[in-house]
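# Show me the folded form of this:
(chains A and B)
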Number of protein chains: 2
Amino acid sequence: MHIAPRKPAEAGRITLIGAGPGDPELMTLKALRLLASADDVLHDDLVPPEILALAPKTARLIPVGKRGHRPSCRQEDINALMAALAREGRHVVRLKSGDPALFGRAGEEIAAAADAGVPVEIVPGITAGFALAAALGVSLTHRASAHSVRLVTGHGREGALPQDLDWRGLADPATTLLVYMAGRTAGHLAERLIGCGLPPDTPVVVAEAVSRAGQVLRGLTLAALAGEGSVASEHPLMLGIGEVFRDCPALAASHPSCARSQAPIAA
Amino acid sequence: MHIAPRKPAEAGRITLIGAGPGDPELMTLKALRLLASADDVLHDDLVPPEILALAPKTARLIPVGKRGHRPSCRQEDINALMAALAREGRHVVRLKSGDPALFGRAGEEIAAAADAGVPVEIVPGITAGFALAAALGVSLTHRASAHSVRLVTGHGREGALPQDLDWRGLADPATTLLVYMAGRTAGHLAERLIGCGLPPDTPVVVAEAVSRAGQVLRGLTLAALAGEGSVASEHPLMLGIGEVFRDCPALAASHPSCARSQAPIAA
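Below you'll find the predicted structure:
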């Protein structure tokens, strides 16, 4: 593979790059190429050190994480910093966990760059839900059990479940639900789904650190999740909910939890 | 980047690899590594020659496409061929457009491999919906307009719209819909969504050949799509439906359609 040599930035620009779910080998070739030409890398907390190490040695690494229960960078400050650096002629990479177009603040970052007259490019990334399906060895739309996939967040503006969720639509037994940032609201979400008609024995996978060292995949039912309430984890946590997760061999192998190792990558 | 040298297969295995939306640079490093150790590559019609060229020169390339209006390989035959080759000790790569866990027959292929006692690994890929968001420069979940993303197929078992779709749930104005394989049923789908309450002026993007040479992105409304009926294309076609696609600069730039060039990759 050819990796373009780093060139001095002629005109500043911003690239929003999806870093993928955590395993550096799940980055795209394009993400790797553009990260390798960064002058500044503004990154989420969830981007692991192995991926940050793929930026040029000379690039400035600027953490701008906004994890729920920690001190935050204001989104307005991130937007302003990116525009200011790009205006100096720098290649600013905004490195986001997963895919930049899903459950981040990419919309606001893109709008702010446009307002500042700075060109923006977006590089998609593998989102954790698809990495979860790969780790489990399941299809998210197995013909026998699901015709659609829905990606929702368990974390609304105030940290609780989003108030405007269409609960009736969510509780469709033929749709596979992938719930991001679901740790604190997991039990409440399960209760609501059961209340809207999703069967209590619907299979659930609680997935921590998908594709990372420390990955744990745990199978249970919606009713059991409702009983657990919130799920505490130091890692990013997501839920898979739906019939496609029933009798999943990767979970059965070491029930009730199944830690999987991560293939190393030499960069 | 390190690419593992090809080793003789000691025990046969099957790897389901997501080739991504078409642009070879949107493959993951892991997909590239595992494709480079294939003995046999069974591939969809939609996987472009530039990606097939990344397989070893010695690998057998076996097309197993199942495009709707062309002669088909039977799924049972594909499953049997993969198992037979793996049992001979070969590394069989099943190379699928997009992500293997979405709207393919991966579920049946995984089950058949398990029945045959052959190990299977899955490598996720960028699905076209996320590549579309990147090409358009939009967030699929912009805070102001969408809290969820739903991926559905416009092509059911008999080529018509899936009969069992939850139409009320689909017609949620705060959910971004990504509809795969939607060419023939596009108009019917738009009619049904309007009938279930989605506003007729909801923005729609008709996307052909996302991330490929020949990419065309065209913006219109749900009402206009209903008037068009089916959308003919020689390329893979998908729809994006939702408020996040309103006033999209990439569409406005050359309204009503916007062809974008594709960055070359040197492999």
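# which residues of the stretch 101-250 of chain A fall in helices?
Ranges of helices in the stretch 101-250 of chain A, per DSSP state H, counting those that start in this stretch, are A:106-115, A:128-136, A:167-170, A:186-195, A:222-228, A:249-252.
# Could you name the helices and strands sitting against the third one?
Under the contact definition 3 or more C-beta pairs under 8 Å, 6 or more residues apart in numbering or on different chains; DSSP states H and E, helix A:167-170 sits against helix A:186-195, helix B:167-170. Backbone N, C-alpha and C define where each C-beta goes, glycine included.
# what's the distance between the longest one and the middle of its chain?
Taking C-alpha atoms, centre = their mean, to the nearest Å, one finds helix A:186-195 lying 22 Å from the centre of the chain it belongs to.
# residues in contact with that helix?
With C-beta atoms under 8 Å, 6 or more residues apart in numbering or on different chains as the contact definition, helix A:186-195 has outside contacts at A:154, A:160-161, A:167, A:170-171, A:177, A:179, A:182, A:200, A:202, A:204, A:206, A:222-223, A:225-231, A:237, A:239, A:241.
# now the most centrally placed residue in chain A, which residues is it bridged with?
Nearest to the mean C-alpha position of chain A, by C-alpha atoms, centre = their mean, lies A:Gly98 at 3.8 Å. Beta-bridge partners recorded for A:Gly98 (DSSP bridges): A:Gly20.
# Tell me the pLDDT of it.
At A:Gly98, the model reports a pLDDT of 96.
# now do A:Asp164
70.
# Contacts only, for it.
B:His147, B:Ala174.
# all strands of the stretch 151-267 of chain A, in order?
Here the stretch 151-267 of chain A has its strands, by DSSP state E, counting those that start in this stretch, at A:175-180, A:203-208, A:216-221, A:237-241, A:257-259.
# is chain B contacted by the fourth one?
Same thing as strand A:237-241. No - against chain B, strand A:237-241 shows no contacts by C-beta under 8 Å from any C-beta of the partner chain, the least distance being 10.8 Å.
# Output that strand as CSV, nothing but the C-alphas.
Extracted C-alpha coordinates of strand A:237-241, given in CSV (Å, rounded to 0.1, in the frame of the first residue of the first chain):
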residue,chain,number,x,y,z
LEU,A,237,-20.7,0.2,26.3
MET,A,238,-23.3,-0.7,23.8
LEU,A,239,-26.3,-3.0,23.7
GLY,A,240,-27.5,-5.3,20.9
ILE,A,241,-31.2,-6.2,21.2
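# Show me what it is packed against.
Against strand A:237-241 (3+ C-beta pairs under 8 Å, 6+ apart) you get helix A:128-136, strand A:175-180, helix A:186-195, strand A:203-208.
# Just want the angle from the third one to strand A:175-180.
To tie it back to what came earlier, the one meant is helix A:186-195. With axes from the mean of the first three to the mean of the last three C-alpha atoms, to 10 degrees defining the directions, helix A:186-195 sits at 160 degrees from strand A:175-180.
# repeat for the last one
Relative orientation of strand A:203-208 and strand A:175-180, computed by the same axes, to 10 degrees: 20 degrees.
# Other residues contacting strand A:203-208?
Against strand A:203-208 from outside (C-beta under 8 Å, 6+ apart): A:128, A:132, A:135-136, A:186, A:190, A:214-222, A:224-225, A:231, A:233, A:235-246, A:248, A:251.
# let's go with 7 Å and repeat that
A:132, A:136, A:215-222, A:225, A:231, A:233, A:235, A:237-243, A:245-246, A:251 (C-beta atoms under 7 Å, 6 or more residues apart in numbering or on different chains).
# partners of that strand in the sheet?
strand A:216-221 (antiparallel), strand A:237-241 (antiparallel).
# Need the winner for burial among the ones you listed.
Highest mean neighbour count among the strands paired with strand A:203-208 (mean count of other C-beta atoms under 10 Å in any protein chain shown): strand A:237-241, with a mean of 27.
# sorry, back to before: ok, now which ones touch the residue nearest to the centre of chain A?
Counting by C-beta under 7 Å, 6+ apart, the residues that A:Gly98 touches are A:Gly18, A:Gly20, A:Pro21, A:Gly125, A:Thr127, A:Ala128.
# now, which of those residues sits nearest A:Ala112?
A:Gly18 (18.8 Å; C-beta to C-beta).
# any idea how far the residue lying closest to the closest one once chain neighbours are set aside lies from B:Val123?
Distances taken as C-beta to C-beta, 6 or more residues apart in numbering or on different chains put A:Gly125 closest to A:Gly18, at 1.9 Å, once the chain neighbours are dropped. Using C-beta to C-beta, to the nearest Å, we find A:Gly125 at a distance of 14 Å from B:Val123.
# Tell me the confidence at the closest residue to A:Leu251 other than its chain neighbours?
With sequence-adjacent residues excluded and distances taken as C-beta to C-beta, 6+ apart, A:Leu251 is closest to A:Gly219, at 3.7 Å. Here, the pLDDT recorded for A:Gly219 equals 95.
# For beta bridges, what are the partners of A:Gly219?
A:Val205.
# where in the stretch 151-267 of chain A is pLDDT low?
Within the stretch 151-267 of chain A, the segments meeting pLDDT under 70 span A:156-159, A:252-267.
# Please work out which residue of it is closest to chain B.
Closest residue of the stretch 151-267 of chain A to chain B, C-beta to the nearest C-beta: A:Gly169 (3.1 Å).
# tell me, how many neighbours does the closest residue to A:His155 other than its chain neighbours end up with?
Spatially, and ignoring its direct neighbours in sequence, A:His155 is nearest to A:Met181 (3.8 Å; C-beta to C-beta, 6+ apart). For A:Met181, the neighbour count with other C-beta atoms under 10 Å in any protein chain shown is 19.
# Likewise for the one 3 residues further on?
Number of residues near A:Arg184 (other C-beta under 10 Å) recorded here: 20.
# A:Glu228 is in contact with that one, correct?
No - applying C-beta atoms under 7 Å, one finds A:Arg184 not in contact with A:Glu228, separated by 11.8 Å.
# now the longest helix anywhere in chain A: mean pLDDT?
Taking DSSP state H as the criterion, chain A has its longest helix at helix A:75-87. What helix A:75-87 shows for mean pLDDT is 93.
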